[in-house]
Each structure stands twice: as C-alpha cells, then as structure tokens.
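Q: sequence unknown, structure follows:
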C-alpha cells in the first residue's frame, strides 16, 4: 500500500475515535417512586420466671421432693426439674425448637453415667409439638410452655459404676435452654 493510503486510513480511524468519544447519544428515561410501605422483622424471645421445682422420681409411683443443695444422687436415681418458659414469637411462618444443651452442663466425672434430657409440655394453649420436636405456634404471640428437665444417673449392673463417680458435682447452674427459630 502506498504511504498516502495508509495515512488516509489512519486519519479516518483517528477521527472516528475522536468523534465517538466526544459525542453522546441521548435516550429518554422516566422514573416513578412507588410507596411499597415498610417491612419489619419479627422476634423470638425465651424467658423463665420463678425458681422451678425439683422432684425425685426414681420410684415413679411415689415421687418426692428433691433438694440438690442437701441431697446427693446415686446410681439408679432419676430427678426432674420443672419450670415454665415464656415464648414470645412474632413473625409470619414462625416456629421453634426448644432444647437443653447438655454440652453446656458440666457433668465432670459423671459424663458417661449421667444424662440430661428435656421434655416440653406441648399441651399449652396455642402450641403444637411436631414429631421432629418443632414447636409450632398457632399464631404470633406469647405462650407459657411448661418443661421438664430429667437428670438420670444410670444404674448399670452391680460393680459397673466405678469409684471415680463418687462425690462428683453435677453443675447445672449453666444449664442452657435454647429456642431456635425455624420456619413452619
């Protein structure tokens, strides 16, 4: 190609670049603000009141009071702690699972011999306990839910429970009741 042709092509290309960057193309645009209101999140609160009540149910036919400050467990004992939790649930499709965190309970040397379980009284008005343990609320609101924590010291066979389980402290002061929100 000739130098003149090459120079002409280069000049046309440069001009096209300059015009493309300097010019603007206008298109119409319209906007409209809409009032969709606001959306608020719900909540899920869990509280307990009172001190609760301990019972020795080792003999289910003759339960009797149990005082953890003056009485000690032996293999085969089953004691319960009953109290009422108040659930305050607000939100569409809200449900919850109530559980006791045995990991937060310091069982010390009794960890292989003592279990801590939770049973919820789902007969409380407005509460339904599903087969998977989920508590469904009839509607958002406040619900009083009695619960029972059972501490069982496994009996085992004669000689199965070692002396290392003597005089151990089961620290239930940090026993944690947890209500996890799930979608119903």
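A: That came through, no problem. Just so we're clear, the structure is a prediction, and the values are computed from it rather than from any experiment. Residues are numbered from 1 along each chain as shown.

Q: who touches the residue lying closest to residue 139 once chain neighbours are set aside in this structure?
A: Across the structure, with Cβ to Cβ, 6 or more residues apart in numbering as the measure, the residue nearest residue 139 apart from its sequence neighbours is residue 126 (7.3 Å). The C-beta positions use only the backbone N, C-alpha and C, and glycine is treated the same way. Shown here is residue 126, whose contacts under the criterion Cβ atoms under 8 Å, 6 or more residues apart in numbering are 137, 138, 139, 141, 143.

Q: do residue 125 as well
A: With contact taken as Cβ under 8 Å, 6+ apart, residue 125 is in contact with residue 143.

Q: pretty sure residue 100 is touching residue 149, no?
A: Yes - taking contact to mean Cβ atoms under 8 Å, the distance of 5.9 Å between residue 100 and residue 149 places them in contact.

Q: Overlap of the contact sets of the two?
A: Counting by Cβ under 8 Å, 6+ apart, the shared contacts of residue 100 and residue 149 are 116, 117, 118, 175.

Q: Nearest residue to the third one in space, please, no chain neighbours.
A: Leaving aside its chain neighbours, residue 118 sits nearest to residue 100 (3.9 Å; criterion: Cβ to Cβ, 6+ apart).

Q: Tell me, how many residues neighbour residue 124?
A: The burial count assigned to residue 124 is 18, neighbours taken as other Cβ atoms under 10 Å.

Q: Closest to the centroid, which residue in the chain?
A: residue 180 (2.3 Å; Cα atoms, centre = their mean).

Q: Name the nearest residue to that residue, sequence neighbours excluded.
A: residue 97 (4.9 Å).

Q: State the distance from the one you found to residue 122.
A: Residue 97 is 12 Å from residue 122, where distance means Cβ to Cβ, to the nearest Å.

Q: Need the residues touching each of those two.
A: Residues touching both residue 97 and residue 122 (Cβ under 8 Å, 6+ apart) are residue 135.
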